[in-house]
Structure formats: C-alpha cells, structure tokens
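heads up, no residue letters with this:
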C-alpha cells in the first residue's frame, strides 16, 4: 500500500518570505513523487516531479522540492513567496511497481499575506 | 489554458436525469482518468483507461458509466445519481499508464450538482 501525509492543513507566510509545504510518503519500491497546485474553480496543475537523480528538483513558477530518502519526505519550497502563490497544494506518490495508481495527500492550503 | 478540455463546466441535474460529462485531449496520451473531488479534499480516483480499455474501476457505483470512444475522448455517463454525488469531476490524461514517472495533466473539471 502507498500513502502520503501532508501534516499541515494550512500554511501562512508573508509575501517575500520563504515557504515550505511538507510532505511525507510511504510506498513499496522506488517512489515517483509529484507536486500539484489547485487554484479555485480550476483543475490540478503539475508543478514538479522526482523520479531519480538529484535530490533537489526544480519546477514551475520558481518552486522546488527536496527529496530525502531517509526521512521519506518531499517538501515543497520557494525562496520568496508571492500573493499569487496562494492556493491548495497536493503531494502525490506512485510506486514504480505494482498497481501504479497515483495517491494524493490531503492537501495544504497556502495563504500568502501581502 | 489547460490541454485537457472538459464540458460542461457546470451541470445541475435531478436524480432521475441522464447526462454525460465529456473530456478531450490532443496530447497523444494513451491513459485517461476520471476523478471525483469534494470541496477541500484530494481527488479520488474513479476509473482509468489505458489504450482505450478500462484498466481500473475503483468500485464505483454503476450509476456512473465510463466510455472511451477513441484515444482522445473520454465520457462519463450519469444516471439516477444521488445528492452525495455532487462534486467536482476531474478528467486527466498521461502517457501510457505503465510509465509511472509521467505526470497527469488535468482538466478544469465539471462541477456537478444533484438536486
């Protein structure tokens, strides 16, 4: 079985400050990890993915994520938050073997204050 | 602009109605997905099609009937729905399902309300 935990329902950060949205995962086999963002009344937009290789992954809109195998984490980061980054963020995992369906975390609402 | 197009954007129907949701993509993807999303919750997988064949049905009630007429189109036929079926229905596509490292691309969804 595979699972994803996003321990924070909401993260508040001031504009211009760095942000981190946390994600931990559990999967049998090697993980493929993804971050998606959802704006109101929109579908999910793909931000970035970790497959293999460098533990720091760079994605869209200045976001990056750090893969830590020993801590089974894949935290989303951005050096300087924008008000327009305010949205719902989902972490997702898929195993490289077995059923291979995507499992989403519960989501974290990011609120960036001006 | 999303590359996965879903119609209609909004749908209100009674419990005895029959309606269909439509999804279209022209990215050459051969895997297509239906998800159900309740407010402030993650998407829940309903169905997966791979090469136009149903490969995953997450024990979805038979009042939801998927159809994949060709590699670009995915339909979800609705009949005798219940109020608890009110939700945002998302379609997604990706390169071949077995290629697990490819992201899914989502449409903006159909917001369904059951009266």
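It's in. Given the structure is predicted, the values throughout are model-derived calculations rather than measurements.

Which residues does the residue sitting nearest the centre point of chain B form beta bridges with?
By C-alpha atoms, centre = their mean, the mean C-alpha position of chain B lies nearest to residue B:34, the distance being 2.8 Å. Per DSSP bridges, the residues bridged to residue B:34 are residue B:47, residue B:91.

And for residue B:13, the neighbour number?
The number of residues packed near residue B:13 is 17, by other C-beta atoms under 10 Å in any protein chain shown. The way it works is simple: take the backbone N, C-alpha and C, and place the C-beta from them, glycine included.

Contacts only, for it.
Residues near residue B:13 by C-beta atoms under 8 Å, 6 or more residues apart in numbering or on different chains: B:19, B:78, B:81, B:112, B:113, B:114, B:115.

neighbouring contacts of stretch B:51-58?
So stretch B:51-58 is contacted by A:99, A:101, B:30, B:44-49, B:66, B:68, B:70-71, B:96-97 (C-beta under 8 Å, 6+ apart).

Which positions in that stretch come out as buried?
residue B:56 (16 or more other C-beta atoms under 10 Å in any protein chain shown).

Quote the end-to-end distance of stretch A:18-31.
26 Å (C-alpha to C-alpha, to the nearest Å).

Would that stretch count as contacting chain B?
No - with C-beta under 8 Å from any C-beta of the partner chain as the criterion, chain B is not reached by stretch A:18-31; the gap is at least 9.3 Å.

of the contacts of stretch B:51-58, the lowest pLDDT goes to which?
Of all those, residue B:97 has the smallest pLDDT value, namely 59.
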